[in-house]
Every structure is written in structure tokens, then in C-alpha cells.
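*Asks:* Sharing a model prediction with you, sequence too.
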Amino acid sequence: MRQCEVLVIGGGPAGLSAAIEAAKAGAQVVVVETNREVGGQLVKQTHKFFGSSRHRAGTRGIDIAKILRKQCEDLHVELKVNSLVMGIYADNVVAIDEKKSLTEHNIERIQAKKIVISTGASENSIRFPGWTLPGVMGAGAIQTMCNYHRVIPGRKLLMIGSGSVGLIVCYQLMQAGAEIVGIVEALPHINGYAVHASKLTREGIPIYTGYTIKEARGKERVEQAVIAKVNPDWSTVPGSEIVLDTDIVAVGAGLKPLIGMAHMSGCEFVYDKALGGWAPCHNKNMESTHKGIYVAGDTTGLEEASTAIEEGTISGIAIAESLGYIPKDKAKTLKDEGWERLAGLRSGFKGEDRVKAKMKQLNRYDEVMKGGK
Amino acid sequence: MTNKSYDVVVIGAGVMGTSCAYHLVKKGFKVALIEKIDIARGTSSHCDAVALIVDKMPGVDAALGYASIQRFLELKNELSYDFELHQKGSMYACETDQEMDIASKYAKSMQDDGYDIDILNPKELLEHEPFMAKDLKGGIFSKACCGLNPFKLCFAFVDQVKGKGLDVYSYTDVKGIKLNDKNAVEGVETDKGFLSTKKVVNCAGVWSPEIGKMVGVDIPVKPRKGVILVSATSFPFCNQKVQEFGYMVSKFAEFKCKRDPDVEKYNVAFTIEPSKANNVLIGSSRNFAGYGVNTEIEIIHAIAKRAIRFYPILKEMNCIRSYAGVRPFLDAHLPLITDVDKVPGYYIATGHEGDGISLSPMTGRLISELIAGEKPYLDLAPFSYNRSKKNN
């Protein structure tokens, strides 16, 4: 069986950053990516990043993906694309299903000294009559179609959810030529960044706060959506229905960590709403309760690309340290700097909840490792 | 739950426990069902789902299997919750002439005992299953065999009598069994309190030795792991439960046959069954690996390889999931459905290995007859705790 030092599952910002740090220190790294190129969600993020220059503010996500990929290539990180990890088995054996063509698959097993799980997140769905009609789609999926595959899935779009993803996707779809018939938000206020929302309201796009989707209607696919006011108990107010003509109902109902791989490895989890639900806990090296398996990025709690990059970086340093490529004191300095930058990133929008949730994960790790239940 | 009193306490809410509980309530007993996790959370939800006659040895094994199928057909009307029973039959396919020879002899001896089993030539086999490999040597078929949903079966048993004579205590640990000075059952100690009762049924499956130890009864059950693969949905290319005759070889040591070395190591034999949603479940392996239900990639490979041998079309399909369960194995290949002389009031229903779902209806019925002091539907001697030790 093939052996490697570091195997990274998921080539998004967290995974690539982990790979770069470990490879920079001298480790041999393989990144396994299920899509046809690495970059994760960055490959469709045509907007510019906020924040500090350290976190590449002003650079577009798609360009950050290119920079990370170039760094990996320069460091001879092996990027295995079109490759799906089937599972992590006993003794750190990872089974990989590499798609050679539509029907041709090559299944390979690699035994790794260290594994990084950086599988990101998946979109939440919500259920309402008609939710399985063609035309009801995840907001993130629409963004991938539009910005990456250059296909607009419909002409008239209704967005459910006013989180940042929903707002950005609406703006980008509008730029691509689609009509946004409205944004529906069950909360009494807009959920995402105000800067994104105001771009849309300036264009006259209605944002229905305190509303929810009641039904998607259509014969073969979505033709209409019915929205209605919500009561505090989430029931709808009779008579408040509005019928909108639309061919796309985009569901921007948030995301949750993709934890299958961590679960399969027997890692311990913590639930926190602020991080999107259940996520594996870890120590300050980003190592999970399963020794030798590290977690970084949205997998271990839903945040942003910048935090994913920092978590990945810390895990890469810790791995290089444990493999003997970086001396302990130097590693400590580098990791401390990483944690400081993370603290900075978590000081912003809704940061306090995330800081608390992350603290819960670190505490849970200590508890488990001390043998607590 | 302090100091409640029951006629019978059943330990373990898998298919055995739920069936026993149901049949006991039907006899008029007041029953408690204690489960350390929840209904169907162990072996009964990590299995496939058939009631077969063509995988039983002639004699008591077949008699119990056949009676269970008849009981399933009654239960379909008796239980209000639909457990998706369907009687489509089941087939064994033979890969070699030697296997076909053994299979024909087996089928004839089953026919002699009055069971409806057909011997299929290669052409007839392909009429049954057009997508099977063209070079197979034939097979045997019984139309009596059934498929069902094992989760729903457990819930159907409970649902029918819960609150009408049955109390379910899930997430409850059994801490001990209290005996009186005559060594007879007095009650069950749990982490939630004491239940007084004169009768306890140990239906804890692979965990039954632990419950046996509490009263000094040795139950030689060992956990034997089986891995199952799930395919993506497709058109219905497989019409019924199909198994390779080598499955019989892997199940019973009596059949000696040359086997593929790749599959020998994990005792892999091909089985396939279509699900209601047009996935297929593909099995299976049998190995002793403790209580863990992790799947091993080597076993998954061996099972897939075997499956493609019998249904070449599977090469074009994706496997979406794999899972494993641990089955209560006994060397005797016959379950224990029994009382225990030295501990009056203590009963055991376990050791069905991969036949638990299949044999659950009759097991529950026999235990209820035994406890009610009625003459059991079948002679229980072969399933008795006192059968010779070497048979256990």
C-alpha cells in the first residue's frame, strides 16, 4: 500500500493552507480533492475579501484560490483532483475513488502518518410543499453554476434567507442578468452584512423581513412561489400570502459542517448553533480526539475563508512539528501568532458567539482526553 | 420507575426482544422491555432483511424457518404498523458444477421434507434474473421466501402492544438480576430503579453473555461481524433475494467446497436483495472482530468483487454506503430458545446469528408458550440450554 506523511482531505482554503505549511517545512503532502480543481468555495467567490492585508483584503476569492494552488505546486504538493475519499479506515488508511472518466474509476489506498480533514460544509435545506420541484436550489449551488460553470439556472429568482451568502448570490445573479424578485427573511431583520444588503435595496429589490416561503408551485418545474408573514411560533399568518412569479427558489438557509469523515474516524463532537451545529472538537494544534487526525476550516465549525486559512495554517505547522520538521519553540511561536490572528478575525461580525463556541470545543477536547465522558 | 412489578421482564429491544414482548403480551402477561439504547439500535438495524427457507438445514432449522415465514404472513394482518413484508421468493445461484451437485442434493432432501423448492437449470436461472452472469451452472429457488423492513418490524411489534400491557424502558441499563434463596428470579436491578418479576427473558443478542453472567449462566455467544454494501438507486435489475450457494458453505461447515481465495479470508459470500427504494443491499462477510461495527476497505473490496462476478452490471454502479453489524454466533448454528433449570424464571432467546429477523416470529411465539406453560408449537429440545455442550 502506498504511504505518505500528510494526507489532506479537501482542497479548499483550510486544506491548501495546511498542505502549504507542512510542505514548506519539508513534509511530503497529498491533497485529495473531489472536484476537478482545488480551491474549494473560493473558485466561485468573485467578490473581494474584507479585513486586513494579512487576509488578502481587496483580493477576490478566485484569485486567492489561484495563489494557494500556485504555492502548493511550487512546494511539490501532490494535488489529486476528481478524487473522492470513500472513508478513513483502521490505521489511518484512506480509500480514494479517483474518477478517470464518466465510468472509469481507480480505487487507491494510501496510509498516512497524519490526516487533515478539511471537507468544509454543506448547505441546509428547508422543506415546504413543492421543495423537490426542479428550480428549488441551494444558494451556494446557484453561485457555483453562475460564477464557476457560467450558467444561470433561471431568469427570475426568489431568495429564501438574507444571510451573507443569500445577499451576495442575489447581487451576483443580478449582475449576470437575472431578475431578483425578492428576498424572504423569517427574522424581523436582515441577517447578513448591511453592506451587501444595501447594494440590493439600492437597486429596488424588495426584502420581505418577517416572511417565509409557504409553497413552490409549478407543473414540471417552479413557476410561482407563495410567501407569507410568519408568527413568532413559525406558523404563517392567514391572508398574508403573496404570490410571486419566479422560476428559481434559492434556499440560503445556512450551512452545516461536513462531518462524515470525522464521524467515521470516531472523533468527539460538540454542538453549537454559532458554528452551524455538530462539529469535531480539537486542541490548539487543531488535532481531533483521534490522534493523528486534524480538523480545519468549516468542517470544525462554520466560519469564513480567512478563518479556514488560519486554522489550516496552524494544523500544518503542528503536523510539521510532530513529524520533526519544525523545532518545538519555533512551532509554538508560529502557532501562537496563528491563534492571535484568529482572535482578530473572530472579533468582528457575530464574533463573540464563535469565540465562545470555539472555547467549548477546546474544553471538550481536554475533557475527553482526560477520560471524562 | 421505583418498585414496579411485571409478570415478565424482557431484556434487549432488538427483533428478539420486541417479538418476545409482543407474543407475551398477547398471552395476557404484563411485560417490561428494557433496552440500553433504543428499539432496533443494535444488530436488528445493522442487517439485511429477509425470511428465508432456502438457507436452512433440513430438520429443525428448516422447520423453525418455515413456521416463521407462516407466522410472518399472519403478522402482516395482525400488526397495524406496516413492516413492508413481501413474498417474492429467493434464489441460490451455483458457480461450479460441484456446487450445483451439492445444491441439488440439498434441494431434494428439502423436497423430501415437504418444502417447495425448485431446482433451476442455467436457462431458468437467467429467466429469474436476466442480469446475472451467463456462465452460472444453475440454482435453487423457493417462492416461500420473504423480504421485509427489519426496523419497522421491531417498531411494529412494540407499537401494537405498547401501553396495552407493555412498558418500554429505553436508555436503561440492567445492573443485575436479583435471585431468591432458591436461586429463582426475583427482579431486575436497573440504573433507573428496581423491577420486581418472577420471569426474565435474555434477548440481549451479542450482549447476552453479560446478562447471563448476572445469574451465573454461561452463554457461549460470540459477536460475528457482517459487512453490507448499499448501491445507488437504479432500475430494478434484481427481482429477488439472490445468494451464491457458497453462502451456505460459509454459513455451515458441513459443506466442503473450493472457494475463491480472495473471499476465503473474510468468509465473503455474495448475497443481494432489492430494497423498496430500488437500492440493492449487497453482502456479506462473516468474521470475528469483537463488537466494533467499523467496515474494512479490504472486506468491502472482496464483497464488491464477488458481487460483480454474479451481476456484472454492478460494475457500472456506485456503492453509496457500507455498514456492519455484529450477529450473535453460536457454534451449534441453532439458536437458544430455552429456560434454564438451575435458575427458575430465567429464559434465553438468542444465538440466531444471521437468522434473527427470519426466525424472530417463531422465537417470540415459542418463548411465550414456554412461559405460559403451554405445549410449544415445536419441540424445544434442539434449542434447549441443556443440549449437549459441544453443540453450543
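*Replies:* Nice, thanks for sending it over.

*Asks:* Low-confidence stretches in chain B?
*Replies:* Across chain B, the ranges flagged by pLDDT under 70 are B:1-2, B:249-263, B:388-392.

*Asks:* again, only this time at 50
*Replies:* B:391-392 (pLDDT under 50).

*Asks:* ok, which residues in it are in contact with chain A?
*Replies:* B:Asn294, B:Thr295, B:Glu296, B:Ile297, B:His301, B:Glu316, B:Ser322 (CB under 8 Å from any CB of the partner chain). All C-beta spots, glycine's among them, are computed from the backbone N, C-alpha and C.

*Asks:* Can you name the residue of the stretch 201-350 of chain B nearest to chain A?
*Replies:* B:Ile297 (4.6 Å; CB to the nearest CB).

*Asks:* wait, isn't that residue in contact with A:Gly87?
*Replies:* Yes. Between B:Ile297 and A:Gly87 there is a contact under CB atoms under 8 Å: 6.9 Å.

*Asks:* joint contacts of the two?
*Replies:* A:Ala95 (CB atoms under 8 Å, 6 or more residues apart in numbering or on different chains).

*Asks:* So for stretch A:158-172, mean pLDDT?
*Replies:* Mean pLDDT, stretch A:158-172: 94.

*Asks:* gap between that stretch and the chain center?
*Replies:* Here stretch A:158-172 is found 16 Å from its chain centre; the criterion is CA atoms, centre = their mean, to the nearest Å.

*Asks:* ok, now stretch B:148-163?
*Replies:* On the basis of CA atoms, centre = their mean, stretch B:148-163 sits 16 Å off its chain's mean C-alpha point.

*Asks:* For it, buried residues please.
*Replies:* Neighbour counts using 16 or more other CB atoms under 10 Å in any protein chain shown place B:148-162 of stretch B:148-163 among the buried residues.

*Asks:* Stretch B:328-346 now?
*Replies:* By neighbour count on 16+ other CB under 10 Å, the buried set for stretch B:328-346 is B:328-330, B:332-340, B:343, B:345-346.

*Asks:* quick one on the thing from earlier: can you flag which of the buried residues of stretch B:148-163 belong to strands?
*Replies:* In strands, judged by DSSP state E, none of these are found.

*Asks:* which of these lies closest to chain A?
*Replies:* Among these, and counting by CB to the nearest CB, the member closest to chain A is B:Phe151, at 20.4 Å.

*Asks:* Leaving out sequence neighbours, find the closest residue to that closest one.
*Replies:* Distances taken as CB to CB, 6 or more residues apart in numbering or on different chains put B:Ala40 closest to B:Phe151, at 5.0 Å, once the chain neighbours are dropped.

*Asks:* who's in contact with that neighbour?
*Replies:* By CB under 8 Å, 6+ apart, B:Ala40 lies in contact with B:Ala13, B:Gly14, B:Val15, B:Thr18, B:Pro150, B:Phe151, B:Cys154, B:Phe155.

*Asks:* How about A:Arg2?
*Replies:* Counting by CB under 8 Å, 6+ apart, A:Arg2 touches A:Glu108, A:Arg109, A:Ile110, A:Gln111.

*Asks:* Closest one to A:Gln45 out of those residues, please.
*Replies:* The closest of the contacts of A:Arg2 to A:Gln45 turns out to be A:Ile110 (CB to CB; 29.9 Å).

*Asks:* Could you say which helix or strand holds that closest one?
*Replies:* For A:Ile110, the host element (DSSP states H and E) is strand A:105-117.

*Asks:* Following the chain onward from that strand, which element is next?
*Replies:* Downstream of strand A:105-117 (by DSSP H and E), the next one is strand A:121-123.

*Asks:* Report the strands that pair with that next one, each with its relative direction.
*Replies:* Taking DSSP bridges as the criterion, strand A:121-123 sits next to strand A:255-257 (antiparallel) in its sheet.

*Asks:* and the partner strand, how far from the chain's centre?
*Replies:* Here strand A:255-257 is found 7 Å from its chain centre; the criterion is CA atoms, centre = their mean.

*Asks:* mind listing what's buried in that strand?
*Replies:* A:Leu255, A:Lys256, A:Pro257.

*Asks:* residues making contact with it?
*Replies:* A:120-124, A:140, A:165, A:275-279, A:298-302.

*Asks:* Got a PyMOL select line for the buried ones in those residues?
*Replies:* To isolate the buried members of these in PyMOL, using 16+ other CB under 10 Å:
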select buried, chain A and resi 120+121+122+123+140+165+275+276+277+279+298+299+300+301+302
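
*Asks:* Just the contacts of strand A:255-257: which are in strands?
*Replies:* Per DSSP E, the subset of the contacts of strand A:255-257 in strands is A:Ala121, A:Ser122, A:Glu123, A:Gly277, A:Trp278, A:Ala279.

*Asks:* show me where the stretch 51-200 of chain B has strands.
*Replies:* B:90-94, B:118-120, B:138-142, B:146-147, B:166-169, B:174-179, B:185-190, B:193-196, B:199-202 (DSSP state E, counting those that start in this stretch).

*Asks:* thinking again about what came up before, ok, and for the strand holding A:Ile110, which residues are buried?
*Replies:* In strand A:105-117, counting by 16+ other CB under 10 Å, buried: A:Ile110, A:Ala112, A:Lys113, A:Lys114, A:Ile115, A:Val116, A:Ile117.

*Asks:* Please apply the same query to stretch B:286-296.
*Replies:* Going by 16+ other CB under 10 Å, stretch B:286-296 has these buried residues: B:Arg286, B:Ala289, B:Val293, B:Asn294, B:Thr295, B:Glu296.

*Asks:* can you check stretch A:135-152 too?
*Replies:* Residues of stretch A:135-152 classed as buried: A:135-140, A:142-148 (neighbour count, 16+ other CB under 10 Å).

*Asks:* Make TSV out of those and add secondary structure, distance to chain B and pLDDT.
*Replies:* TSV is the format used below for the buried residues of stretch A:135-152 (DSSP: H, G, I helix; E, B strand; the rest coil; distance: CB to the nearest CB, whole Å; pLDDT from 0 to 100):
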residue	secondary structure	distance to chain B	pLDDT
A:Gly135	coil	22	97
A:Val136	strand	20	98
A:Met137	strand	21	96
A:Gly138	strand	20	97
A:Ala139	helix	25	96
A:Gly140	helix	22	95
A:Ile142	helix	25	96
A:Gln143	helix	26	95
A:Thr144	helix	22	95
A:Met145	helix	23	95
A:Cys146	helix	28	95
A:Asn147	helix	28	94
A:Tyr148	helix	24	94
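
*Asks:* domains for the chain, by residue range?
*Replies:* Here I'm looking at chain A. As assigned by automatic domain parsing, chain A contains the domains A:2-122+A:255-369, A:126-251.

*Asks:* Chain B, not that one
*Replies:* According to automatic domain parsing, chain B comprises the domains B:4-46+B:151-220+B:332-391, B:90-143+B:222-329.

*Asks:* and those domains, which is most packed in?
*Replies:* Among the domains of chain B, domain B:4-46+B:151-220+B:332-391 has the highest mean neighbour count (mean count of other CB atoms under 10 Å in any protein chain shown), at a mean of 21.

*Asks:* Save the buried residues of stretch B:286-296 as CSV, and put in distance to B:Ser5 and secondary structure too.
*Replies:* Formatted as CSV, the buried residues of stretch B:286-296 follow (distance: CB to CB, whole Å; DSSP: H, G, I helix; E, B strand; the rest coil):
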residue, distance to B:Ser5, secondary structure
B:Arg286, 42, coil
B:Ala289, 41, strand
B:Val293, 36, coil
B:Asn294, 42, coil
B:Thr295, 44, coil
B:Glu296, 47, coil
